[in-house]
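# based on what follows, work out the 3D shape:
(one chain, ligands or ions: 1)
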Amino acid sequence: MKSMPTVPLRRNPTRAVRIGTVTIGAGYPIAVQSMCATPTQDVEATAAQCEQLRQAGADVVRVAVDSRRDAQAVAQLRQKTQANLVVDLQENFRLAELVAPHVDKLRYNPGHLHHHQRHKSWQDKVAWLAEVAARWDCALRVGVNCGSVDPELRAKFPPEDSIGPMVQSALEHCEHLDRLGFTRYCVSLKDSDPQKVIEANRRFAAQRPDVPLHLGVTEAGMPPEGVIKTRIALEQLISRGIGDTVRVSLTLPNAQKHEEVLVARQILADIAAGRVRSVVDYGLPGLNIIACPSCSRVENEAFVQLAEQVRQMTQYAKDHKITIAVMGCRVNGPGETDDADLGLWCGPKYVNLKRGPQLLGAYSYDEILDRLKEELDRLIEQRSAEQAPTAQEG
Ligand code: SF4
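Reported below is the predicted structural model:
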């Protein structure tokens, strides 16, 4: 850690956006969010986790909703927690009208709007979402994610440019919402690589300094690496006046989930006090394990333990520049693992193993570590062969 003189943090002149009892933007304190990892339909467990997070200092708590049953559970949840609730909508955005009466914010993912009502334009779908949000006094979050950018937009950019389509997607949705007269929204641009999070948010904020930003590094993984990745992104952005809410996404067992909130508060306090790392470039020199923070969509609780086992088992490869992604579900797992050298996404009984975008097979939770090791060894061998100097002729 390196200390620098404390300076008052400047903040971008963002709009005020109210989320239940909390207001973000417009110079209000940076809010801390977290997300439940309990199954949403287990109302008792989810209500207990909402309270666990709220009491740890979460200003806003997110829950995932993918089905009508999840939506019904949210109505009951509202009666059992005082947390400001955000619902996370992915493919099934039409559930918005069932949950909006019970929550304070709706998060939609622009890259997942195309799955339903294919005959409608995304503009019409967003207009409907804005109308639902306005009717039920909800804010919106336009949540752009590196692993699920709108495929049409993705195709307009070179394959190696992952930031351009994310920023463009966010800008188009903001423009559209503004045109509709709905301004009670914030934006997030998340990636598992802190450098990309920094770059995407800087580019977006340069064009739309008025739009509040929710910051986070997705699939940051387990502590301590997950904390370090997020700290770096938050330091670089908040010190430049960018960011109105934050989440530290960590892969933690349910009983420790509130540590996300404590870590976020600590990072914010450190930045405000000038206790920052002097990081100019966060290029990961060696092995990079990314793991999703887990949420109610996790299909087998063994996922959290598996993520830890992967980290331990792969330590022997720590000096190799290889990215391994471990994801908890089929909603985001298949897409989010595409960019990793090796990816695991966990189903109820099997773990799918990928090399880049190619699926290698599905293995039981007992078999997967050995299979992963085989593939990791193969990759290391192949990379070493590629780097070895070619034999001189003659
Ligand atoms: S990958 Fe799936 S389980 Fe993991 S945080 Fe994302 S949605 Fe939740």
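# close to the ligand, is stretch 87-104?
No. Judged by CB under 6 Å from any ligand atom, stretch 87-104 and the ligand are separated, with a smallest distance of 7.3 Å. Placement of C-beta: from N, CA and C, glycine included.
# in the stretch 151-300 of the chain, mark out all the strands, start to finish.
185-190, 213-215, 245-247, 275-276, 288-291 (DSSP state E, counting those that start in this stretch).
# now these in a markdown table, with mean pLDDT, mean neighbour count and distance to the ligand?
Output for those, formatted as a markdown table (pLDDT from 0 to 100; neighbours: other CB atoms under 10 Å; distance: least, CB to the nearest ligand atom, whole Å):
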| stretch | mean pLDDT | mean neighbour count | distance to the ligand |
| --- | --- | --- | --- |
| strand 185-190 | 98 | 26 | 11 |
| strand 213-215 | 98 | 25 | 15 |
| strand 245-247 | 98 | 26 | 11 |
| strand 275-276 | 66 | 18 | 28 |
| strand 288-291 | 84 | 24 | 8 |
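# so which of those strands is nearest Leu360?
Closest to Leu360 of the strands of the stretch 151-300 of the chain is strand 288-291 (CB to CB; 18.2 Å).
# contacting residues around the closest one?
Contacts to strand 288-291, defined as CB atoms under 8 Å, 6 or more residues apart in numbering, come from residues 192, 219-222, 225-226, 251, 307, 310-311, 314, 321-327, 340.
# rerun that using 7 Å as the cut-off
192, 219, 221-222, 225, 251, 307, 310-311, 314, 323-326, 340 (CB atoms under 7 Å, 6 or more residues apart in numbering).
# which helices and strands does the helix or strand that that strand is followed by pack with?
Next helix or strand after strand 288-291 toward the C-terminus (DSSP states H and E): helix 302-313. If you count contacts as 3 or more CB pairs under 7 Å, 6 or more residues apart in numbering; DSSP states H and E, helix 302-313 packs onto strand 288-291, strand 323-327, helix 368-387.
# check the ones you listed for me: which has the lowest mean pLDDT.
Ranked by mean pLDDT, those bottom out at strand 288-291, with a mean of 84.
# with distance to Val74 added, can I get the helices and strands packed on helix 302-313 in CSV?
Formatted as CSV, the helices and strands packed on helix 302-313 follow (distance: least, CB to CB, whole Å):
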stretch, distance to Val74
strand 288-291, 26
strand 323-327, 24
helix 368-387, 33
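# between the ones you listed, which gets nearest to His102?
His102 sits nearest to strand 323-327 of all those, at 28.4 Å, using CB to CB.
# tell me, how many residues neighbour the residue in the stretch 1-150 of the chain that the ligand sits nearest to?
Going by CB to the nearest ligand atom, the ligand is nearest to Ala64 of the stretch 1-150 of the chain, at 6.4 Å. Using other CB atoms under 10 Å, Ala64 has 24 neighbouring residues.
# check for me that it belongs to a helix.
No. Note on Ala64: no helix contains this position according to DSSP: H, G, I helix; E, B strand; the rest coil, which reports strand.
# pretty sure it contacts Ser294?
No. No contact is recorded between Ala64 and Ser294 when judged using CB atoms under 7 Å, the distance being 10.5 Å.
# how much space separates Phe204 from Ala48?
Plainly put, Phe204 is 36 Å away from Ala48 if you go by CB to CB, to the nearest Å.
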